[in-house]
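1. how would this look folded up:
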Amino acid sequence: MKKILIPVDFSDYSQSAIAYAAQISNQQGQEIDLVHIFTNHTNIYANRVVNPDLVDPEVEVAKKNMARLLESEQAKYPEVTFHTFYKDGNLYEEVSKMTAAFQYDAVIMGTKGSAGLEAVFLGSNTYDVILNSKTPVLAVPKESPRFKVNRVGLLCNFKEAELHVLNQAINLIGKDFELILVHVNKDDKDIRIIHNQFKEWIDKIIEQTGIENISYTVKPQVLYNRAAENISHAIDAVIADEQIDLLLVTKSRKSIFRKLVDENIVRKLAYATSIPKFFARVLPVK
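-> Now for the predicted structure:
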C-alpha cells in the first residue's frame with residue numbers, strides 16, 4: 001500500500017499540502033493519512049490522569065474541524081482515500097513514530113511560501129522533521145497548491161546518494177517529467193571537466209531510473225563573489241531561469257544540502273523561493 005502522511009493544523013498551509021498530495025494521489029494512487037497533533041493541551045486535559053471523564057475541549061474542536069476539512073477535500077477529490085489520526089506530543093516525535101511504523105512515500109508539509117517561509121525552518125519541530133526524517137519530506141508553499149512537475153530540478157554533486165533520492169521522488173510522483181540537473185561550481189572547476197562528468201552521470205541516471213529527458217545547468221560560484229552564503233542565490237537563479245516546478249534536495253553529508261546546513265543558509269534558500277522542495281536522505285545499508 002502506498003501512502004502519504006500530512007500533519008494538519010487546519011491552516012491554509014496544511015490545506016495547500018492536502019491539495020497538492022491529493023493531486024499526486026489522483027495520478028499515482030497513494031492513500032493519504034491526515035494527522036492532527038495536540039502539542040498544547042489545556043490543564044483540563046492534563047487532569048484526566050485524575051479524572052478520565054474529563055475531555056479537553058480542544059479535542060472536540062479538532063474533530064469537528066477535521067470532519068469539515070475531510071468533507072471538503074473528499075468532495076474535490078472523490079477518488080482519493082483519506083484516513084484521520086490524532087496524536088499528543090511533539091510534532092517531530094509523533095511524525096517520526098508514524099513513519100517508523102509505516103513506510104510512507106513522503107511526509108508532505110505546508111509552508112508559508114515566499115512571504116515567510118523562514119517560519120518553517122525557524123520552528124524547531126518542523127525543521128527537525130525536514131532535517132532528520134528518514135522519510136522524504138515534501139515542503140509545499142501555500143502559493144503552490146497545484147501539482148505540476150513538468151520540470152524537476154535535482155541539486156547535483158555527482159554523488160551516488162542523488163540517484164537514490166531521485167528514485168524516492170519517482171516513487172512518489174512518477175517519472176513523466178524533464179529532469180534538470182543543477183550544479184553550483186563552488187570550487188571553480190574547469191567547465192570541460194564538469195561537462196564530462198555530466199555525460200557519464202546522465203548515462204548512469206538513464207540506466208538506473210529510465211528517465212531519458214535530462215538536461216543540466218552549471219552556475220559558476222565566481223558570479224556570487226565567492227561568498228558561501230550566496231550558494232542559495234545561485235540555486236534561486238537556476239530555479240527562475242529554468243522554470244523548475246519541483247526541486248529535489250539530497251540530505252547526505254556530502255551533498256549541497258549538508259553544506260547549506262553547515263553554513264546556516266538553508267533558511268535563505270527556503271525563504272527566497274516559492275516552489276515545492278523534496279528533501280530526502282539515503283539510509284545506510286544494514
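2. what's the most centrally placed residue in the chain in contact with, if anything?
-> Centroid-nearest residue in the chain: residue 138, 1.7 Å away (criterion: C-alpha atoms, centre = their mean). The contact partners of residue 138, taken as C-beta atoms under 8 Å, 6 or more residues apart in numbering, are 20, 106-109, 172, 276-279. Placement of C-beta: from N, CA and C, glycine included.
3. Now do the host helix or strand of residue 26: which elements does it pack against?
-> Residue 26 is part of helix 12-28, with elements assigned from DSSP states H and E. The contact analysis (3 or more C-beta pairs under 8 Å, 6 or more residues apart in numbering; DSSP states H and E) places helix 12-28 against strand 3-7, strand 31-38, helix 57-76, strand 106-111, strand 137-141, helix 160-173.
4. Give me the residues contacting that helix.
-> Here helix 12-28 makes contact (C-beta under 8 Å, 6+ apart) with 2, 4, 6-8, 30-32, 34, 69, 73, 76-77, 79-81, 108-112, 138, 140-142, 144-147, 172-174, 276.
5. which other residues reach the helix or strand hosting residue 202?
-> Per DSSP H and E: residue 202 is located in helix 191-209. Residues external to helix 191-209 that are found in contact with it (C-beta under 8 Å, 6+ apart): 156, 158, 163, 166-167, 170, 175, 179, 181, 183, 185, 211-212, 214, 216, 218.
6. So what's the residue count around residue 207?
-> 9 (other C-beta atoms under 10 Å).
7. ok so, going back, show me just the buried residues among the contacts of helix 12-28.
-> Taking 16 or more other C-beta atoms under 10 Å as the criterion, what is buried in the contacts of helix 12-28 is 4, 6-8, 30, 32, 34, 69, 73, 77, 80, 108-112, 138, 140-142, 144-145, 147, 172-173, 276.
8. Could you list the low-pLDDT ranges of the stretch 51-200 of the chain?
-> For the stretch 51-200 of the chain, applying pLDDT under 70 flags the ranges 51-56, 112-127.
9. cutoff 90 now
-> For the stretch 51-200 of the chain, applying pLDDT under 90 flags the ranges 51-62, 88-93, 109-134, 139-146, 155, 157, 159, 161, 183-191.
10. for residue 212, what are its contacts?
-> Residue 212 sits next to residue 206 when contact means C-beta under 8 Å, 6+ apart.
11. and what of residue 70?
-> 34, 82, 84.
12. now the strands: where do they sit in the stretch 151-286 of the chain?
-> Secondary structure of the stretch 151-286 of the chain (DSSP state E, counting those that start in this stretch): strands at 151-155, 178-185, 214-220, 246-250, 277-280.
13. Residue 57: which of those is closest?
-> In terms of C-beta to C-beta, the element of the strands of the stretch 151-286 of the chain nearest to residue 57 is strand 277-280, at 35.7 Å.
14. for the closest one, packing partners?
-> Judged by 3+ C-beta pairs under 8 Å, 6+ apart, the packing partners of strand 277-280 are strand 137-141, helix 160-173, strand 246-250.
15. The first one versus helix 160-173: what angle between them?
-> Yep, that's strand 137-141 we're talking about. Here the directions of strand 137-141 and helix 160-173 differ by 60 degrees (axes from the mean of the first three to the mean of the last three C-alpha atoms, to 10 degrees).
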